[in-house]
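Enquirer: Everything below, folded, please.
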Amino acid sequence: MADGEVYFEFVQVGQQMRVAAIDAHTGTEVIVIAPVSATKAQMQQMGLAKLRKKLGAEPKQAPRRLF
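Expert: Numbering: from 1, shown residues only. From the prediction side, this is the model:
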């Protein structure tokens with residue numbers, strides 16, 4: 001995901017902003033909630049950080065046990 005494309009979706013819910021960050025290659029999506037007073041760039045940074053963490057933290061497929 002180092003140079004991958006990321007889509008952002010912003011939906012205001014009361015005094016909060018629901019921000020979805022979606023990796024275009026894998027379709028992996030994360031959601032963060034930010035105050036509406038935050039800037040768009042701050043909201044994107046939060047979403048991108050969470051998305052990077054999720055993509056980096058996905059476990060590799062465990063080897064199968066034969067016995």
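
Enquirer: where does the chain have low pLDDT?
Expert: 1-3, 57-67 (pLDDT under 70).

Enquirer: Swap in 90 and give it another go.
Expert: Within the chain, the segments meeting pLDDT under 90 span 1-4, 57-67.

Enquirer: tell me the phi and psi of the residue nearest in space to the middle of it?
Expert: Nearest to the geometric centre of the chain sits residue 51, at 3.0 Å (C-alpha atoms, centre = their mean). Note on residue 51: its backbone torsions stand at phi -60, psi -40 [degrees, to the nearest 10].

Enquirer: Now it. Nearest residue, chain neighbours left out?
Expert: Distances taken as C-beta to C-beta, 6 or more residues apart in numbering place residue 21 nearest to residue 51, at 4.4 Å, with adjacent residues excluded. All C-beta atoms are positioned from the backbone trio N, CA, C, and that covers glycine.

Enquirer: Is the one you found within a helix or a strand, and which one?
Expert: Element membership of residue 21 [criterion: DSSP states H and E] is strand 16-23.

Enquirer: partner strands of the very next helix or strand once past that strand, parallel or antiparallel?
Expert: Beyond strand 16-23 in the direction of the C-terminus, DSSP H and E gives the next helix or strand as strand 29-35. When pairing is defined by DSSP bridges, strand 29-35 lines up against strand 16-23 (antiparallel).

Enquirer: residues of the partner strand that come out buried?
Expert: Neighbour-count burial for strand 16-23, counted by 16 or more other C-beta atoms under 10 Å, picks out 17, 19, 21, 22, 23.
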